[in-house]
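K.L.:
Structure for this input, please:
(one chain, ligands or ions: 2)
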Amino acid sequence: MKIETAKVIVCSPGRNFVTLKIHTDQGVYGIGDATLNGREHAVVAYLEEHVIPCLIGMDPRRIEDIWQYLYRGAYWRRGPVTMRAIAAVDMALWDIKAKMAGMPLYDLLGGKSRDRVMVYGHANGSDIDETVEAVGHYIDMGYKAIRAQTGVPGIKDAYGVGRGKLYYEPADAALPSVTGWETRKALNYVPKMFEKLRATYGFDHHLLHDGHHRYTPQEAANLGKMLEPYQLFWLEDCTPAENQEAFKLVRQHTVTPLAVGEIFNTIWDAKDLIQNQLIDYIRCTIVGAGGITHMRRIADLAALYQVRTGSHGATDLSPVTMGCALHFDTWVPNFGIQEYMRHTEETDAVFPHDYRFEDGHLICGETPGHGVDIDEDLAAKYPYKPAYLPVARLEDGTMWNW
Ligand SMILES: O=C(O)[C@@H](O)[C@@H](O)[C@H](O)[C@H](O)CO
Ligand SMILES: [Mg+2]
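P.N.:
Ligands and ions are numbered 1, 2, ... in the order given. Here you go, the predicted structure:
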């Protein structure tokens, strides 16, 4: 069996997506997600110029060997561009293998460990009252777990506050928009939001919060400690994780569960955090961390240390990643939770899929493969539009972490 052709499809049905489609000489094709929000064309070039020419003629059944070839063979290994390109190839090859086997991907991975996958949605508002109302909207939609983010008085465009009710798209401008940040103001306001949320809705629902890399380790420890009475499911990205050691300081001061990893792209980014049990959930994604092949390694390492998966699932991860993630989540023994920021109807039309939302959970389909396809004719109607993620500056103009 041979890879006959492969092509990259770039489209923008509501937001930009990069999709790799691999055709084999047996008439079966597979697709993979290669979207890197705000840097899409870097991955397009990597795939078209440096990966696809090597793939032609390879045996698509040799998923592991192709993964090792693309990882070790690049010499310049790791990084978000390289690993997203490898992920797209990997997803497409697993899609092909499952189609050839006539089984849904979760079956090929080892079968179901659960029938459905608990997800969390994004509730946000310009202030505490608006966010409390938004959380109520998610509870009414049946969510068991809800992330809550609020605007903060005195901070321009604080992280996580969307423009619409259900959809939130941070990549909002043809050049990076400038947002503000001031940690002290956030530390004085965020705990009040969770106090109001628990007072309003009690403790029956999981509440989550994303620190989005904004705090120093000491500030993150302070926030984690202040949130303890509200029993969060997790505090995410509480401090930048390049220095994995930093989480020791946070862990010493708080029992609020910690989650990190959406910007990680290999197991090496997470190894010390997991082995030293500095986190409770690993947020790596199939598109961000080298595909299903590498995500299995990350999940298996995490399982040794009782760390559970909590994969990133923002709108900038295409339905192809969501489809693969749901099959993975249905199989993986140490599953925690799956983020699910709903895609727009335009996006869902370009990427027909068989997963469905029900009672606060997602259920993957039974179609052979990962259950997601791309309508190329419809995709062509949505040309790429440059869109950057914002940047963040402190009040004195210092560049900060968006
Ligand atoms: O946890 C999350 O969902 C966020 O961190 C993301 O929405 C993140 O801001 C975007 O994926 C960036 O493209
Ligand atoms: Mg996040």
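K.L.:
Centre-most residue in the chain?
P.N.:
For the chain, the residue nearest the mean C-alpha position is residue 312 (2.3 Å; C-alpha atoms, centre = their mean).
K.L.:
I'd say residue 214 and residue 186 touch.
P.N.:
Yes: using C-beta atoms under 8 Å, residue 214 is in contact with residue 186, at 6.9 Å. To be clear about C-beta, it is placed using only N, CA and C from the backbone, and glycine gets the same treatment.
K.L.:
Hmm, residue 280 is touching residue 302, no?
P.N.:
No: taking C-beta under 8 Å as the definition, residue 280 is not a contact partner of residue 302, at 9.9 Å.
K.L.:
what is the residue of the chain found nearest ligand 2 paired to in the beta sheet?
P.N.:
Distance from ligand 2 to each residue of the chain (C-beta to the ion) is smallest for residue 210, at 4.3 Å. Going by DSSP bridges, residue 210 is paired in beta bridges with residue 236.
K.L.:
before we move on, the earlier item: what sits in contact with each of residue 280 and residue 302?
P.N.:
Shared contacts of residue 280 and residue 302, defined by C-beta atoms under 8 Å, 6 or more residues apart in numbering, are found at residue 308.
K.L.:
So residue 214 and residue 186 - more neighbours on which side?
P.N.:
residue 214 (24 against 21; other C-beta atoms under 10 Å).
K.L.:
need the contact list for the more buried one.
P.N.:
By C-beta under 8 Å, 6+ apart, the contact set of residue 214 is 159, 181, 183, 186, 392, 400, 401.
K.L.:
Verify the contact between the second one and residue 393 for me.
P.N.:
Yes: between residue 181 and residue 393 there is a contact at 7.2 Å, judged by C-beta under 8 Å.
K.L.:
okay, the two: which has more neighbours?
P.N.:
More neighbours surround residue 181 than the other of residue 181 and residue 393, with 22 against 15 (other C-beta under 10 Å).
K.L.:
Quick check on the more buried one: phi, psi?
P.N.:
Main-chain dihedrals, residue 181, degrees, to the nearest 10: phi -160, psi 140.
K.L.:
per-residue pLDDT, it?
P.N.:
Looking at residue 181, its pLDDT reads 97.
K.L.:
Specify the beta-bridge partners of it.
P.N.:
On the basis of DSSP bridges, residue 181 is bridged to residue 394.
K.L.:
Now do the same contact list for it.
P.N.:
By C-beta under 8 Å, 6+ apart, the residues touching residue 181 are 155, 158, 159, 214, 392, 393, 394, 400.
K.L.:
hmm, the longest helix along the chain touching ligand 1?
P.N.:
Longest helix of the chain, by residue count under DSSP state H: helix 80-101. No: using C-beta under 6 Å from any ligand atom, helix 80-101 never reaches ligand 1; the gap is at least 11.0 Å.
K.L.:
what about the nearest residue to residue 365 once chain neighbours are set aside, how many neighbours?
P.N.:
Closest residue to residue 365 in three dimensions, ignoring its sequence neighbours and counting by C-beta to C-beta, 6 or more residues apart in numbering: residue 354, at 2.7 Å. Applying other C-beta under 10 Å, we find 17 residues neighbouring residue 354.
K.L.:
quick revisit: in strands, which of the contacts of residue 181 fall?
P.N.:
Among these, the members falling in strands (DSSP state E) are 392, 393, 394, 400.
K.L.:
Of those residues, which is the most crowded?
P.N.:
residue 392 (23 neighbours).
K.L.:
surely that one meets residue 402?
P.N.:
Yes: using C-beta under 8 Å, residue 392 is in contact with residue 402, at 4.2 Å.
K.L.:
What strand or helix carries the spatially closest residue to residue 94 that is not a sequence neighbour?
P.N.:
What sits nearest to residue 94 in space, not counting adjacent residues and going by C-beta to C-beta, 6+ apart, is residue 292, at 5.0 Å. Per DSSP states H and E, residue 292 falls inside helix 291-304.
K.L.:
Send me that helix as PDB with only the CA atoms.
P.N.:
This file holds the C-alpha atoms of helix 291-304, laid out as PDB (Å, rounded to 0.1, in the frame of the first residue of the first chain):
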ATOM      1  CA  GLY A 291      -0.800  13.300  16.900                       C
ATOM      2  CA  ILE A 292      -2.400  10.200  18.400                       C
ATOM      3  CA  THR A 293       0.800   8.300  18.400                       C
ATOM      4  CA  HIS A 294       2.600  10.800  20.700                       C
ATOM      5  CA  MET A 295      -0.500  11.600  22.800                       C
ATOM      6  CA  ARG A 296      -0.700   8.000  23.800                       C
ATOM      7  CA  ARG A 297       2.800   8.200  25.200                       C
ATOM      8  CA  ILE A 298       2.000  11.300  27.100                       C
ATOM      9  CA  ALA A 299      -1.200   9.800  28.600                       C
ATOM     10  CA  ASP A 300       0.600   6.600  29.500                       C
ATOM     11  CA  LEU A 301       3.300   8.500  31.400                       C
ATOM     12  CA  ALA A 302       0.600  10.600  33.100                       C
ATOM     13  CA  ALA A 303      -1.200   7.400  34.200                       C
ATOM     14  CA  LEU A 304       1.800   6.200  36.100                       C
END
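K.L.:
Counting by contacts, list what it packs against.
P.N.:
helix 63-72, helix 80-101, helix 105-109, helix 271-275, strand 281-282, strand 308-309, helix 319-331 (3 or more C-beta pairs under 8 Å, 6 or more residues apart in numbering; DSSP states H and E).
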